[in-house]
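Trainee: Sharing a model prediction with you, sequence too.
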Amino acid sequence: MSELSEQLPDVAALLRELDGVSYLADEPLGTALFLAARMGQPILLEGEPGVGKTEAAKALAGVLDTPLIRLQCYEGLTSAEALYEWNYPRQLLAIRLAEARGETPSEADLFSDEYLLERPLLAALDHPGPRPAVALIDEVARGARVDKAWHAAALGMLGRLEAILGSSPPAMQVSQAFWHACAAGQRPAAEYLLSRGADLNWEPDYAHGTPLDAATGLGTRQENVLSWLCGLRARSADSDALGRPS
């Protein structure tokens with residue numbers, strides 16, 4: 001019997017584990033998540049915003065003790081943004097340095113892992129384990145343009161974000177966008193929104209925690225935002241202490 005089979009022998013065991021990470025799932029959802037986890041198959045969750053689709057993926061990743069890697073879909077998403085792209089500035093620098101030494105870099109040298117920028121899908125596929133990452137492909141059916149500040153912030157679309165906010169945006173709209181930028185690991189967007197007056201410790205009424213809490217434990221980009229927020233002495237909703245929550 002595999003380690004996963006021992007941890008999750010049945011649906012009831014998964015429901016208990018989900019409850020342990022503060023996610024309450026009913027039996028139909030628990031069954032679907034159980035089959036997806038045990039069989040290694042994808043699962044499609046449909047529903048209105050705020051019903052808990054994203055939180056289900058976060059909870060499953062917590063139960064499996066594996067990273068959650070998120071791909072946010074939007075109109076105009078390219079394969080490079082979803083899969084991978086090459087670090088062209090570094091490749092160009094390597095070519096210039098090689099030329100200065102009188103050498104000619106080979107194609108194999110220039111297109112090696114050293115210059116590869118993994119995007120969410122490749123990062124999920126390339127996760128070393130011991131268990132596969134939970135890949136969350138969000139808003140797969142989204143066809144409309146990005147017209148909400150929080151959505152543009154979560155995607156790191158600074159130009160679109162600036163256009164949506166305009167010159168005098170409501171304070172709540174700026175703070176909400178800031179929260180989502182931090183949750184998605186979009187530090188440039190978060191820095192911009194903080195400069196526009198975002199509340200560093202704003203808490204939404206549809207999710208738990210401050211921006212510091214939202215940025216906790218979701219990957220390297222979120223860690224970058226987390227360290228930045230700690231440097232700003234942001235607060236956690238679960239602690240009166242400043243900085244990283246206990």
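Mentor: Received, thanks.
Trainee: Please enumerate the helices of the chain.
Mentor: Per DSSP state H, the chain carries helices over the ranges 3-7, 11-20, 27-39, 53-64, 79-82, 88-100, 107-110, 120-125, 149-155, 158-165, 171-183, 187-195, 211-214, 220-231.
Trainee: of all those, which gets the most neighbours per residue?
Mentor: Ranked by mean neighbour count, the helices of the chain are led by helix 211-214 with a mean of 27 (mean count of other Cβ atoms under 10 Å). All C-beta spots, glycine's among them, are computed from the backbone N, C-alpha and C.
Trainee: Show me what that helix is packed against.
Mentor: helix 171-183, helix 220-231 (3 or more Cβ pairs under 8 Å, 6 or more residues apart in numbering; DSSP states H and E).
Trainee: next one: that helix to chain centre, how far?
Mentor: Relative to its chain's centre, helix 211-214 lies at 12 Å (Cα atoms, centre = their mean, to the nearest Å).
Trainee: quick one: which of the helices and strands packed on helix 211-214 is nearest residue 95?
Mentor: helix 220-231 (27.3 Å; Cβ to Cβ).
Trainee: ok so, going back, in TSV, list the helices of the chain along with distance to residue 203 and mean pLDDT.
Mentor: Output for the helices of the chain, formatted as TSV (distance: least, Cβ to Cβ, whole Å; pLDDT from 0 to 100):
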stretch	distance to residue 203	mean pLDDT
helix 3-7	33	86
helix 11-20	23	93
helix 27-39	26	91
helix 53-64	16	91
helix 79-82	30	80
helix 88-100	39	91
helix 107-110	47	86
helix 120-125	27	88
helix 149-155	14	88
helix 158-165	20	91
helix 171-183	8	94
helix 187-195	15	95
helix 211-214	8	90
helix 220-231	14	82
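Trainee: can the ones you listed go into TSV with extra columns for distance to residue 70?
Mentor: Formatted as TSV, those follow (distance: least, Cβ to Cβ, whole Å):
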stretch	distance to residue 70
helix 3-7	22
helix 11-20	19
helix 27-39	16
helix 53-64	8
helix 79-82	11
helix 88-100	25
helix 107-110	30
helix 120-125	6
helix 149-155	9
helix 158-165	18
helix 171-183	9
helix 187-195	15
helix 211-214	12
helix 220-231	10
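Trainee: what's the closest of the ones you listed to residue 72?
Mentor: Short answer: helix 149-155, nearest of the helices of the chain by Cβ to Cβ, at 5.6 Å.
Trainee: Check what contacts the closest one and list those residues.
Mentor: 72, 74, 146, 158, 160-161, 164-165, 169, 173-174, 176-181, 183-184, 186, 189-190, 193 (Cβ atoms under 8 Å, 6 or more residues apart in numbering).
Trainee: likewise stretch 34-41?
Mentor: Contacts of stretch 34-41 from elsewhere in the structure, counted by Cβ under 8 Å, 6+ apart, are 4, 5, 8, 10, 11, 14, 42, 43, 60, 64, 132.
Trainee: one more time with 10 Å
Mentor: Residues external to stretch 34-41 that are found in contact with it (Cβ atoms under 10 Å, 6 or more residues apart in numbering): 2, 4-5, 7-15, 18, 25, 27, 42-44, 60, 63-64, 131-132, 134.
Trainee: Over to stretch 163-180?
Mentor: 146-155, 157, 161-162, 186, 189-204, 206-207, 209-215.
Trainee: go with 6 Å
Mentor: With Cβ atoms under 6 Å, 6 or more residues apart in numbering as the test, stretch 163-180 has contacts from 149-150, 152-154, 190, 193, 196-199, 202, 204, 211, 214.
Trainee: now the end-to-end length of that stretch.
Mentor: From its first residue to its last, stretch 163-180 covers 17 Å (Cα to Cα, to the nearest Å).
Trainee: I am finished for the moment; much appreciated.
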